[in-house]
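>>> quick check, what structure comes out for this input:
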Amino acid sequence: MRLVAAPRTGPRDDAPVEEVRVDRWLWAVRLYKTRTAAATACRGGHVEVNGRPAKPATVVHVGDRVTAHVASRDRD
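Next comes the predicted model:
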């Protein structure tokens, strides 16, 4: 399964948001139960964006490839 960031609508207007923090995106697609868990996974080196280690504040754009190690499995 390939996880790809998709555009979403902003909360105050109908303009699409084309970038979001990786910890927030991982939580939004429910790979991690909480945003804190997603941020901890990023700090622990369990998350990559386009093949590079990601910090929690790493910005993901539409079409980026996100890989996460969750519950002894690599989710790609």
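>>> residue contacts, Arg52?
Contact criterion CB atoms under 8 Å, 6 or more residues apart in numbering gives no residues in contact with Arg52. All C-beta atoms are positioned from the backbone trio N, CA, C, and that covers glycine.
>>> and what of the one 4 residues further on?
By CB under 8 Å, 6+ apart, Pro56 lies in contact with Arg21, Val22, Asp23, Ala38, Ala39, Cys42, Arg43.
>>> kindly state the beta-bridge partners for Val66.
Beta-bridge partners recorded for Val66 (DSSP bridges): Val49.
>>> what count of nearby residues applies to it?
When neighbours are defined as other CB atoms under 10 Å, Val66 has 22 of them.
>>> do the same with Ser72
So Ser72, with other CB under 10 Å, has 5 neighbours.
>>> likewise Arg30?
Around Arg30 there are 7 residues (other CB under 10 Å).
>>> just the buried subset of the contacts of Pro56, please.
Arg21, Val22, Asp23, Ala38, Ala39, Cys42 (16 or more other CB atoms under 10 Å).
>>> on the three-state scheme, Ala39 is what?
helix (DSSP: H, G, I helix; E, B strand; the rest coil).
>>> returning to that earlier point: now tabulate the buried ones among the contacts of Pro56 in a markdown table and tack on pLDDT and distance to Val29.
Putting the buried ones among the contacts of Pro56 into a markdown table (pLDDT from 0 to 100; distance: CB to CB, whole Å) gives the following:
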| residue | pLDDT | distance to Val29 |
| --- | --- | --- |
| Arg21 | 95 | 13 |
| Val22 | 96 | 11 |
| Asp23 | 96 | 12 |
| Ala38 | 96 | 10 |
| Ala39 | 97 | 15 |
| Cys42 | 97 | 14 |
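>>> before we move on, the earlier item: in helices only, show me the contacts of Pro56.
Val22, Asp23, Ala38, Ala39, Cys42, Arg43 (DSSP state H).
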